[in-house]
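Q: Okay, predicted coordinates and the sequence, questions at the end:
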Amino acid sequence: MQATLARTVHFRGFGLHSGLPVRLQVAPAPAGHGIVFIRTDLEDGRNRIPATIAHWVEARLCTRLENAQGATVATIEHLMAALAGCGIHNACIRLDGPEVPILDGSAAPFLRKLVAAGLREQVAPLDVLRVVRPVELRHGDALARLEPADGVLMSFEIDFPDAAIGHQRKTLDLRNGAVLRELGDARTFCRRADVAAMQAAGLALGGSYDNAVVVEGARVLSPGGLRHLDEPVRHKMLDALGDLAVAGAPIVGHYTGIRAGHALTGRLVRAMLDDPSCFIRQPCTAALRRRLPGGASSVDALALTA
């Protein structure tokens, strides 16, 4: 069955790239509504932006949506991953700016409040998109692939010259609570050498040691160091989960990313949905529901690092 959250939750912070203050609320929505962003700083009629592949637009260093009237919302990936990780299919997200707040750079603040609010099951069947034929995209040395599997699996591999990150590889089965336990508190990261270039391009204007892991060579410059030895690859998996969520329904399959970013994963979702031979849409059975993300207890969420 589909699910929404039981009550509205509120957040306040700054956009990672814009640096602008933003207030955001996530509210329950009826069955069949999907995940929809509403820009409250824009007039009615042009401020509604559904989180679907039809509204996905390629962007640097984030996931962005745009509607037919040109209204955009950016850096949605952590919130989208939190909603997917909790098994929330319908939500109305209101925000008064063009970017979701970065908070601590992870999905943990979103997950805590969503789980504390609770879920409400809805009297409507849930459809899933089951991958039945592999689909793969490459760009240079980066790869993103979806292939058939009996649940929601993810593998990711990264390789950075900085010894603080280096070569990392991880595979997870994302069923029932794994997103909260394994990926939720992993923060966005960057190399110190790249910060000046990003800011010169108008990006990461709201970035700080409070919302990102910054590395330089073998050193982690952010106070407190890493939350996990492999925090960077965990965060890339969190990002990918949020990117895959713009499919509009849970994808049952095995996603593999090798040096993949938001753009490549978004293109992969579009390629799959553009080719009906790659997937089937089918009702989610009770047995399959147990193999999807979501359903973890509030204890899991409260254990996440602040």
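A: The structure has been received and is ready for your questions. Numbers count the residues shown, from 1 in each chain.
Q: neighbours of the closest residue to P223 other than its chain neighbours, just the number please.
A: Distance criterion C-beta to C-beta, 6 or more residues apart in numbering; nearest residue to P223, sequence neighbours excluded, is Y209 at 6.0 Å. (Glycine included, C-beta is placed from N, CA and C.) Other residues within reach of Y209 by the criterion other C-beta atoms under 10 Å amount to 12.
Q: Y209: what's it in contact with?
A: The contact partners of Y209, taken as C-beta atoms under 8 Å, 6 or more residues apart in numbering, are L221, S222, P223.
Q: Most neighbours among the residues you listed, which one is it?
A: The most neighbours of any of the contacts of Y209, using other C-beta under 10 Å, belong to S222, which has 18 neighbours.
Q: how close does it sit to R133?
A: With distances taken as C-beta to C-beta, to the nearest Å, S222 is found 42 Å from R133.
Q: One more: V9?
A: Between V9 and R133 the distance is 39 Å, computed by C-beta to C-beta.
Q: Those two: who's more crowded?
A: More crowded of V9 and R133, by other C-beta under 10 Å: V9, with 18 against 13.
Q: The closest residue to that one other than its chain neighbours: what's it in contact with?
A: If you skip the residues right next to it in sequence, V9 has K113 as its closest partner in space, 4.1 Å away by C-beta to C-beta, 6+ apart. The contact partners of K113, by C-beta under 8 Å, 6+ apart, come to V9, H10, F11, V26.
Q: So among those, which ones count as buried?
A: Neighbour counting by 16 or more other C-beta atoms under 10 Å classes V9, F11, V26 among the contacts of K113 as buried.
Q: Which single one of these is nearest to N67?
A: Distance ranking of the buried ones among the contacts of K113 against N67, using C-beta to C-beta, places V26 first at 19.0 Å.
Q: Check the gap between the closest one and F37 for me.
A: Distance of V26 to F37, computed by C-beta to C-beta: 10 Å.
Q: next one: G15
A: Look at G15 and F37: by C-beta to C-beta, they are 14 Å apart.
Q: now swap in V215 and tell me
A: V215 sits 32 Å away from F37 when distances are taken as C-beta to C-beta.
Q: At the geometric centre of the chain, which residue do we find?
A: Central residue check for the chain by C-alpha atoms, centre = their mean: the C-alpha nearest the mean position is that of G242, 2.0 Å away.
Q: State the three-state secondary structure for it.
A: When classified by DSSP: H, G, I helix; E, B strand; the rest coil, G242 comes out as helix.
Q: just checking, it touches A81?
A: Yes: using C-beta atoms under 8 Å as the test, G242 is close enough to A81 to be in contact (3.7 Å).
Q: quick one: the strands in the stretch 151-300 of the chain?
A: In chain order, the stretch 151-300 of the chain shows strands spanning 152-159, 167-173, 189-191, 213-216, 219-220, 251-258, 279-283, with DSSP state E, counting those that start in this stretch as the criterion.
Q: Do a quick rundown of the helices in the stretch 101-250 of the chain.
A: Listed in chain order, the helices found in the stretch 101-250 of the chain under DSSP state H, counting those that start in this stretch are 108-117, 178, 192-200, 231-244.
Q: quick check: angle from the first one to helix 231-244?
A: Which is helix 108-117. Regarding helix 108-117 and helix 231-244, their directions subtend 60 degrees when assessed with axes from the mean of the first three to the mean of the last three C-alpha atoms, to 10 degrees.
Q: just to revisit the earlier point, go through the contacts of K113 and flag which are in strands.
A: V9, H10, F11, V26 (DSSP state E).
Q: could those go into TSV alongside distance to A91?
A: Listed next are these as TSV, based on distance: C-beta to C-beta, whole Å:
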residue	distance to A91
V9	10
H10	13
F11	13
V26	5
